[in-house]
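A.B. asks: One predicted model, sequence on top.
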Amino acid sequence: MREAALLIFCDSQPEACSRLWHLSGTDWQRLLRWLDTSGLALYFLARVTELNQSDMLPSLVFARLQQNLSRYGLSEDALRVQLTWQLTVLKFIDERFRASVLVTDEDVRNYYDQHRANFQKPFESESDSIRKSLEGEQVNQQFEAWLAAARKRAVIQFREEAFE
């Protein structure tokens, strides 16, 4: 159920996404609680709307997701603008920093060995996801270092007359 909700964010939806349209009312209630708790409810609504599949949602589920928008004082258009901006920033970060990231096979193996208790599958099955995770960490570190340097270079002048 959660997997199907997450898969809807993929560019091409796997067959597993179709499970969403056949959930029982109880399963939808559980899924909505999880979407709210995980902070994905608004993203889920935006994605379903973007895919023109909001009519596939049970009316009570759609109403609940719309209620979340109202609670945060957002319209669908405002949410779409916000999500587009977030995607733009994420794409910038990825394109600016990912090219300089290098995760070696040794890094991946060391991570697996150090966190073996967290894995249930053999190394070969986990190595790709470990590599992506380590790459993501390095991208984040580089971005944070770049941002800290940019903040140090920025000159901020406080002009009291501007607040009068």
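C.D. replies: The structure has been received and is ready for your questions. Numbering: from 1, shown residues only.
A.B. asks: ok, now which ones touch Thr88?
C.D. replies: By C-beta atoms under 8 Å, 6 or more residues apart in numbering, no residues touch Thr88. In this view, the C-beta of every residue, glycine as well, is placed from N, C-alpha and C.
A.B. asks: Output the longest helix belonging to the protein.
C.D. replies: Looking across the chain with DSSP state H, the single longest helix is helix 123-153.
A.B. asks: and that one, how far out from the chain's middle?
C.D. replies: Distance, stretch centre to chain centre, for helix 123-153: 15 Å (C-alpha atoms, centre = their mean, to the nearest Å).
A.B. asks: just stretch 55-75 next, same as before
C.D. replies: With C-alpha atoms, centre = their mean, you get 19 Å for stretch 55-75.
A.B. asks: Low-confidence ranges, the protein, go.
C.D. replies: Low-confidence segments of the chain (pLDDT under 70): 1, 11-14, 16.
A.B. asks: What ranges does it have for its helices?
C.D. replies: So, for the chain - with DSSP H - the helices run 2-7, 25-38, 41-50, 59-71, 76-97, 105-114, 123-153.
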